[in-house]
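S.K.: have a look at this prediction, sequence included:
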Amino acid sequence: MYKCKICGKASPSPLLPCPSCAKSEKALEIVKEIYEALEKIERKSCGKCNLCSNKCDLKNGERGLCKLRYAENGKLKSLVSEEIALLHAYEDPLPTNFREQI
């Protein structure tokens with residue numbers, strides 16, 4: 001359990017006050033501070049990429065883990081489109097993935 005930021009008693013959340021303090025004026029101030037902080041975080045993000053399974057949350061100047069999408073001037077941009085595709089392949093150096101024919 002966590003401690004309430006108002007009274008110091010047990011609280012179910014590290015950010016929010018305990019149930020007995022939840023209706024107090026101080027609790028309302030704490031919740032407002034949390035929402036303001038979340039809005040600042042959300043504003044910095046240009047969006048979540050969905051090109052691969054990493055689902056990167058990109059900010060201006062960042063490139064996703066797969067390097068196919070990047071954020072620029074508050075928008076997500078991509079190196080691939082309906083007309084352009086990228087293909088990647090590799091040869092597995094371990095011979096465990098195929099059987100030798102007899």
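M.R.: That came through, no problem. Please read these numbers as outputs of a predicted model, since none were measured by experiment.

S.K.: this protein: strands as residue ranges?
M.R.: Using DSSP state E, the strands assigned to the chain run over residues 2-3, 10-11, 45-48, 57-59, 69-72, 75-78.

S.K.: now, of those, which is deepest in the fold?
M.R.: Of the strands of the chain, the one with the most neighbours on average (mean count of other CB atoms under 10 Å) is strand 69-72, at a mean of 19. (Glycine included, C-beta is placed from N, CA and C.)

S.K.: hang on, the earlier thing: okay if I get the strands of the chain as TSV plus mean pLDDT and distance to A22?
M.R.: Listed next are the strands of the chain as TSV, based on pLDDT from 0 to 100; distance: least, CB to CB, whole Å:
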stretch	mean pLDDT	distance to A22
strand 2-3	84	14
strand 10-11	84	9
strand 45-48	82	29
strand 57-59	86	30
strand 69-72	89	38
strand 75-78	89	38
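
S.K.: now the chain, which segments are flagged as low pLDDT?
M.R.: Within the chain, the stretches falling below the threshold (pLDDT under 70) are 1, 38-44, 88-90, 92-102.

S.K.: per-domain residue ranges of it.
M.R.: With domains defined by automatic domain parsing, the chain comprises 1-45, 49-96.

S.K.: residue contacts, K48?
M.R.: The neighbourhood of K48, defined by CB atoms under 8 Å, 6 or more residues apart in numbering, consists of 55-58.

S.K.: how many neighbouring residues does the closest residue to N54 other than its chain neighbours have?
M.R.: Among residues not flanking N54 along the chain, L65 sits closest, at 4.5 Å (CB to CB, 6 or more residues apart in numbering). Neighbourhood size, L65 [other CB atoms under 10 Å]: 12.

S.K.: ok, now L86?
M.R.: Neighbour count for L86, taken as other CB under 10 Å: 9.

S.K.: S24: how many residues sit nearby?
M.R.: Neighbourhood size, S24 [other CB under 10 Å]: 13.
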